[in-house]
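Colleague: Just a sequence and a predicted model for now, questions to come.
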Amino acid sequence: CEKAQRIWGQLLRWNFNSQDAKQIDAIITAMQTTSILQEIFAPDFESVELGSTQAEKLRSDYFRMQERLDRRQNPPLLNPSPKERVLQFLEKLEAGDLSTWWLLNREMTLKPNSNHYRNELELDLIKLPGWHEAEEATRRRIIEGAKNYIRQENNISYDWIGTNTYNRQALAGCRALLLLLKESSDFLNTLSFEAWKKWAPVIIAVPINNQHEDSYLEIVKRAYLNAPEESIKTLITLIDKENQKHDYLSVIDRFDKCWDERLKLTLLEKVKDPLLKPKCVGQLLEELLNQGLTEARDFAKSLISFPLPLVENEREKALVATKVLIENLDSSSWSFIWSLIQQDPSFGREVLELAAHHYQHGIYLNLSETQLADLYVWLVRQYSHNEDPDYSNEVLAHFVTAREDMAHLRDRVLSQLKEKGTLQACAEIQRLIQELPKLTWLKK
């Protein structure tokens, strides 16, 4: 029908490559029998009379396109220049207008030929063009401006924390602190507890391109040490936000330098929050176990019951808690988990597949020689070598399946037993040879 022809004709027009001779030939041939194609492709194939209205329009379009291209390749220089703009805002800041600090930050993102502000989320002023362009005397004035802003600014908004927005004045405060950490760290040692309480929520909640950068982690650490209540309150707010929107708590990484007993116990209470999603529970448990909090292991065990809960959320929490315990094994945890695996092989498969997927490149299990051998026998019977997927003839890459993960885990358990290098390991391998006679290669 005509409607369909016009749709396909327009698609052809949009994708037409006028430099391709084969495409030109194909279109010319089709135009001879299809009037709609003749109409759509007329601008490409019909002659244009010089001096006509159409010719003038094409000429005008061409010059306008060339002008845009020239502006893009050779943008005009800013007037006044970024360097002059920075000096103008510095004068206002030094005259007592604290609101110009964030505007000064924004001007520092400009280059001489910029046509818009850039890198508004960059917190390190030293990385901005305005800092590189500034003379030494200007840099000293910027540093003094940062000090005054941190000491004197009290009109700070916190209502953006826990939302998908941010506040420019607040970001400017974090920039000031990071600049002072690098250029005048002694000043931070003189800051009052009240100043840290004022800025701590901003520091913790600020959007940042690289939250693992050492300078940022150091500022978070100082905020936490000087204003722990405000820091923890903000952390909990951000955990709730990330838990609501995602399955991962990235904000925890900001406290890499802050792990003390208070923070551990706070997060132990938070992990018990019934509103926390299973994956977020698992992440917090893993962090706490990595920090050596034994109470986290006890809570993880409390989430696991046999038979598994029927409610989906509670069942997933039980599986995640078991996976975390497997990844952070001690002797008592394994005895508890192993009894569950033996009672319910489907549970064992499910939880070990979770662990194997998490550690696709191999997982180290803190087990004795006998425990490793027992687990290997169970894995061989659940995941037979004969049923392993074979991609040896594949030319292209493929997605790793759960079954492949388990084959890797099974083989890794045997390798770990061998690498023990003890007499007990030898005895256990002899036992495997007896219990798994079909694996004749075990003798080697």
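Modeller: Received, thanks.

Colleague: Could you look up the SS state of Glu56?
Modeller: helix (DSSP: H, G, I helix; E, B strand; the rest coil).

Colleague: Just give the number of residues close to it.
Modeller: Each residue near Glu56 was counted by other C-beta atoms under 10 Å, and the total is 11. Every residue, glycine included, has its C-beta placed from N, CA and C.

Colleague: Now for the closest residue to Arg349 other than its chain neighbours: which residues touch it?
Modeller: Leaving aside its chain neighbours, Arg349 sits nearest to Gln382 (6.0 Å; criterion: C-beta to C-beta, 6 or more residues apart in numbering). Neighbouring residues of Gln382 by C-beta atoms under 8 Å, 6 or more residues apart in numbering: 345, 348-349, 406.

Colleague: Report the helix or strand with the lowest average pLDDT across the protein.
Modeller: Least confident helix or strand of the chain, by mean pLDDT, DSSP states H and E, is helix 42-45 with a mean of 83.

Colleague: gap between that one and the chain center?
Modeller: Relative to the chain's own centre, helix 42-45 is displaced by 49 Å; criterion: C-alpha atoms, centre = their mean, to the nearest Å.

Colleague: got it, and stretch 135-146?
Modeller: For stretch 135-146, the separation from the chain centroid amounts to 34 Å (computed by C-alpha atoms, centre = their mean).

Colleague: Same check on stretch 176-184?
Modeller: Averaged C-alpha coordinates place stretch 176-184 at 26 Å from its chain's average position (C-alpha atoms, centre = their mean).

Colleague: For it, buried residues please.
Modeller: For stretch 176-184, burial by neighbour count (16 or more other C-beta atoms under 10 Å) applies to 176-181.

Colleague: got it, and stretch 404-421?
Modeller: 404-414, 416-417, 420.

Colleague: so after whichever helix or strand Leu268 is part of, what's the next helix or strand?
Modeller: Assigned by DSSP states H and E, Leu268 belongs to helix 261-271. Proceeding N to C from helix 261-271, the next assigned helix or strand is helix 278-290, under DSSP H and E.

Colleague: what helix or strand is Gln342 on?
Modeller: Counting by DSSP H and E, Gln342 is part of helix 331-343.

Colleague: before we move on, the earlier item: now, which of the buried residues of stretch 176-184 sits nearest Lys198?
Modeller: Nearest to Lys198 among the buried residues of stretch 176-184, counting by C-beta to C-beta, is Leu177 at 11.2 Å.

Colleague: Spatially central residue in this structure, please.
Modeller: Ser250 (7.3 Å; C-alpha atoms, centre = their mean).

Colleague: Which residue, other than its chain neighbours, is closest to that residue?
Modeller: Nearest residue to Ser250 in three dimensions, chain neighbours excluded: Glu242, at 6.5 Å (C-beta to C-beta, 6+ apart).

Colleague: quick one: which helix or strand includes that neighbour?
Modeller: According to DSSP H and E, Glu242 maps onto helix 228-245.

Colleague: That helix - contacts with which helices or strands?
Modeller: Contacts defined by 3 or more C-beta pairs under 8 Å, 6 or more residues apart in numbering; DSSP states H and E place helix 228-245 against helix 193-205, helix 214-226, helix 261-271, helix 278-290.

Colleague: between it and helix 261-271, what angle do the directions make?
Modeller: Taking axes from the mean of the first three to the mean of the last three C-alpha atoms, to 10 degrees, helix 228-245 and helix 261-271 form an angle of 30 degrees between their directions.

Colleague: next one: helix 228-245 to chain centre, how far?
Modeller: With C-alpha atoms, centre = their mean as the basis, helix 228-245 stands 17 Å off its chain's centre.

Colleague: distance between the ends of stretch 240-251?
Modeller: End-to-end distance for stretch 240-251, by C-alpha to C-alpha, to the nearest Å: 10 Å.

Colleague: for that stretch, what is the average pLDDT?
Modeller: The average pLDDT within stretch 240-251 is 93.

Colleague: Could you do stretch 106-125 as well?
Modeller: For stretch 106-125, mean pLDDT is 90.

Colleague: Please report the separation between the first and final residues of it.
Modeller: The first-to-last residue distance of stretch 106-125 comes to 10 Å (C-alpha to C-alpha).

Colleague: Could you number the chain from 43 rather than 1 from now on?
Modeller: New numbering, starting at 43: the last item is stretch 148-167.

Colleague: which residues of the protein score low on pLDDT?
Modeller: 401-404, 437 (pLDDT under 70).

Colleague: try 80 this time
Modeller: The model of the chain has pLDDT under 80 over residues 113-117, 348, 373-374, 400-405, 434-440.

Colleague: so Ile471 sits right up against Leu459, yeah?
Modeller: Yes - between Ile471 and Leu459 there is a contact at 6.7 Å, judged by C-beta atoms under 8 Å.

Colleague: Mutual contacts of the two, please.
Modeller: Residues touching both Ile471 and Leu459 by C-beta under 8 Å, 6+ apart: Ala415.

Colleague: need the contacts of Gln424 in TSV with distance to Ile368, can you?
Modeller: As requested, those are exported to TSV (distance: C-beta to C-beta, whole Å):
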residue	distance to Ile368
Pro387	16
Gly390	10
Arg391	13
Met448	13
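
Colleague: Buried ones from the residues you listed, can you make that a ChimeraX selection?
Modeller: The following ChimeraX line selects those of the contacts of Gln424 that are buried, judged by 16+ other C-beta under 10 Å:
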select :390,391,448
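
Colleague: which of the contacts of Gln424 lies closest to Ala176?
Modeller: Nearest member of those to Ala176, counting by C-beta to C-beta, is Met448, at 58.7 Å.

Colleague: Leaving out chain neighbours, which residue sits closest to that closest one?
Modeller: Met448's closest residue in space is Tyr425 (C-beta to C-beta, 6+ apart), at 4.8 Å.
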